[in-house]
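1. coordinates for the following, if possible.
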Amino acid sequence: MPTPRRKLAIALLSLCICGSGHGAARPAGADGIGELSGRVVDDADDTAVVGASVQAAQVDGQVAVSTVSDRDGKYRIPGLPAGAKFMVTYTKQGYVADAHSVEVTAVQDGRIWKQNGDRAYYERKAAKINAIVAEASPDRQQQVWDEEFRAVAKTSIKASAKGWIARAMLSGAPDSIRKSSLFEAYASADPAVLKRLDRMSEHPEQVEVMLIKEVETAVAMDASDGGDSQSIMSKKKPVKTAK
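-> Down below sits the predicted model:
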C-alpha cells in the first residue's frame with residue numbers, strides 16, 4: 001500500500017497534468033531519479049495534440065531523450081537526473097514549435113500552434129494573447145504585449161496570418177497599449193501586400209524588412225497626397241500610363 005507521502009505525490013501529479021499551468025513541482029524519487037511530464041496542446045483552442053515530438057536535452061549536453069504525446073496529448077520522460085536543467089522542445093509537422101528550459105521533476109506543458117490555420121483559428125490565438133495581456137498587472141501590460149507579438153512575428157507562419165492576429169489583437173487591446181511600428185505594419189497592411197509576402201514565411205526577418213519598406217513607401221505617398229484617413233498600407237501605388 002502506498003505511504004501517505006506517495007499518495008500525496010500521486011495526487012499532485014494528477015492535478016498538475018490536468019491543469020494548464022507551467023512548472024508545477026513534483027517530488028523526486030529518493031534515488032535521485034526524476035522525470036518530466038505534461039501535455040502538448042494547441043495554443044489556440046487548448047485541444048490535445050496527438051503524436052507531437054517532445055525532445056529533452058540536458059543543458060550541459062550529457063543527456064538527450066525524446067518521446068511523443070499520446071491521444072490525450074500527455075507525455076512522460078522518466079529516468080532523468082533529478083534537479084538537472086533540460087531544454088524541452090515540442091514539435092509537430094505543420095505547427096509552430098514551443099520550447100522551455102525546465103528542471104527535472106517539473107510538470108511542463110507544451111503549447112504549439114498551427115502554421116496553416118484559417119483566419120478564425122488565428123483570431124482565437126489573438127484572443128488568448130489579449131487575455132494574457134489583460135491578466136498582467138497594469139505596469140507590465142506593455143511589456144507582455146510587446147513580448148507576445150514579437151514571439152508571433154518571429155515564427156514562420158504566413159504573413160497573412162500575422163496580419164489577422166495583429167488586427168484581432170488591436171480590437172481587444174487596452175487603450176494604454178503603445179503599438180510598435182512592426183505591429184502597426186501588420187495590423188494596417190493591405191491583405192494583398194501580406195499575401196505577396198506569404199511565400200517568404202520561412203524567413204520572418206526578411207518579411208519584416210520588406211514590410212517596413214512597404215510602410216515607408218506608403219507613408220511617403222500619403223505625405224505627397226496631403227494625407228487622409230485611409231490606412232497607410234491600403235493606398236495603391238500610382239499606375240504609370242503610356243504617353
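
2. switch to C-alpha atoms for all contacts and neighbour counts from now on
-> Noted.

3. find the nearest non-adjacent residue to Val41, please.
-> Ala48 (4.4 Å; C-alpha to C-alpha, 6 or more residues apart in numbering).

4. burial measure for the one you found, as a count.
-> For Ala48, the number of neighbouring residues by other C-alpha atoms under 10 Å comes to 19.

5. who touches it in this structure?
-> For Ala48, the contact set (C-alpha atoms under 8 Å, 6 or more residues apart in numbering) comprises Arg39, Val40, Val41, Asp42, Arg71, Asp72, Gly73.

6. max pairwise distance over those: which two?
-> Taking C-alpha to C-alpha, the two most distant members of the contacts of Ala48 are Asp42 and Arg71; they sit 13.2 Å apart.

7. the two - which one has more neighbours?
-> The residue with more neighbours, out of Asp42 and Arg71, is Asp42; 19 against 12, by other C-alpha under 10 Å.

8. surely the more buried one touches Trp113?
-> Yes. Applying C-alpha atoms under 8 Å as the test, Asp42 and Trp113 come out as touching, 5.3 Å apart.

9. circling back to that earlier point, as JSON lines, the contacts of Ala48 with pLDDT and secondary structure would be great.
-> Putting the contacts of Ala48 into JSON lines (pLDDT from 0 to 100; DSSP: H, G, I helix; E, B strand; the rest coil) gives the following:
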{"residue": "Arg39", "pLDDT": "94", "secondary structure": "strand"}
{"residue": "Val40", "pLDDT": "95", "secondary structure": "strand"}
{"residue": "Val41", "pLDDT": "95", "secondary structure": "strand"}
{"residue": "Asp42", "pLDDT": "94", "secondary structure": "strand"}
{"residue": "Arg71", "pLDDT": "95", "secondary structure": "coil"}
{"residue": "Asp72", "pLDDT": "95", "secondary structure": "coil"}
{"residue": "Gly73", "pLDDT": "95", "secondary structure": "coil"}
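
10. what's the closest of those residues to Met169?
-> Using C-alpha to C-alpha, Asp42 is the member of the contacts of Ala48 that lies nearest Met169, at 18.6 Å.

11. state the distance from the closest one to Leu80.
-> For Asp42, the distance to Leu80 equals 26 Å [C-alpha to C-alpha, to the nearest Å].

12. please apply the same query to Lys195.
-> Relative to Leu80, Lys195 is positioned 46 Å away (criterion: C-alpha to C-alpha).

13. between these two, point out the one with more neighbours.
-> Neighbours around Lys195 and Leu80, counted as other C-alpha under 10 Å, are more numerous at Leu80. The numbers are 20 against 15.
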